[in-house]
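# Have a look at this prediction, sequence included:
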Amino acid sequence: MADAEAKKEIIKNSIRGVPDFPHAGILFWDVTTILLNHQAFQYTIDLFVEQYKDKKIDVVAGFEARGLIFGAPLALALGAAFVPLRKPGKLPGAKITEEYKTEYSTDKIEMHVGAIQEGQRVLLVDDLIATGGTLMAGINLVKKAGGVVVEAACVIELPFLKGRDKIPGTPLFVLVEKEGL
């Protein structure tokens, strides 16, 4: 069996860079190619499980769209609830909303009212941290609901954009660092 660093290398090599997407001059790191390699996908979930198995996580909250892909199987493995953090108009019923800025747009995320209970320990999951806006919005949303953000987990970090600086006080666990935007 591969050690953690070997697993991370397999994950890193499974991620595709797409130039000029979604705008000219952006290098988009596409984690969906991890899903084409069952070993890389399994290692991604395994490394997250190893990080969080002893942290008493009550809820895993995954961001649309790719955070849903990694968050749901992680929640199952941890025996935790899974809460989708969705883009506007995707959730029926009562919801709470948080607006945020990304590296190239302004957006909102929503969550069902009551999905996270007062005092529940929440792990936020997304595919990538760039400027930190999405994660900061998730932190704010969880706090509005009365939850406690234990940590944030991302497959990729773009360290040159300093997204960690936007989420002070929230530990961040990443599997892979990439350059270029």
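Done, it's in.
# any idea where the helices of this protein begin and end?
Applying DSSP state H to the chain gives helices spanning 4-13, 38-52, 66-78, 133-145.
# Now residue 33. Nearest residue, chain neighbours left out?
Take residue 33 and drop its neighbours on the chain: the residue closest to it by C-beta to C-beta, 6 or more residues apart in numbering is residue 16, 4.3 Å away. The C-beta positions use only the backbone N, C-alpha and C, and glycine is treated the same way.
# right, so of the helices of the chain, which gets closest to residue 157?
Proximity to residue 157 (C-beta to C-beta) singles out helix 133-145 among the helices of the chain, at 10.6 Å.
# Could you list the residues in contact with that closest one?
Contacts to helix 133-145, defined as C-beta atoms under 8 Å, 6 or more residues apart in numbering, come from residues 61, 63, 85, 96-103, 107-109, 111, 113, 115-118, 122, 124, 126, 129, 148-149, 152, 154, 163, 166-167, 170, 172.
# low-scoring pLDDT stretches of the chain, where are they?
The model of the chain has pLDDT under 70 over residues 1, 103, 180-181.
# Quick one: the strands in it, in order.
Using DSSP state E, the strands of the chain run over 16-19, 27-30, 59-63, 81-85, 95-101, 106-112, 121-129, 148-157, 172-177.
# Need those strands in JSON lines (columns: distance to residue 50 and mean neighbour count).
Compiled in JSON lines, those are given as follows (distance: least, C-beta to C-beta, whole Å; neighbours: other C-beta atoms under 10 Å):
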{"stretch": "strand 16-19", "distance to residue 50": "25", "mean neighbour count": "12"}
{"stretch": "strand 27-30", "distance to residue 50": "23", "mean neighbour count": "16"}
{"stretch": "strand 59-63", "distance to residue 50": "15", "mean neighbour count": "27"}
{"stretch": "strand 81-85", "distance to residue 50": "19", "mean neighbour count": "20"}
{"stretch": "strand 95-101", "distance to residue 50": "29", "mean neighbour count": "16"}
{"stretch": "strand 106-112", "distance to residue 50": "27", "mean neighbour count": "17"}
{"stretch": "strand 121-129", "distance to residue 50": "13", "mean neighbour count": "25"}
{"stretch": "strand 148-157", "distance to residue 50": "11", "mean neighbour count": "22"}
{"stretch": "strand 172-177", "distance to residue 50": "10", "mean neighbour count": "17"}
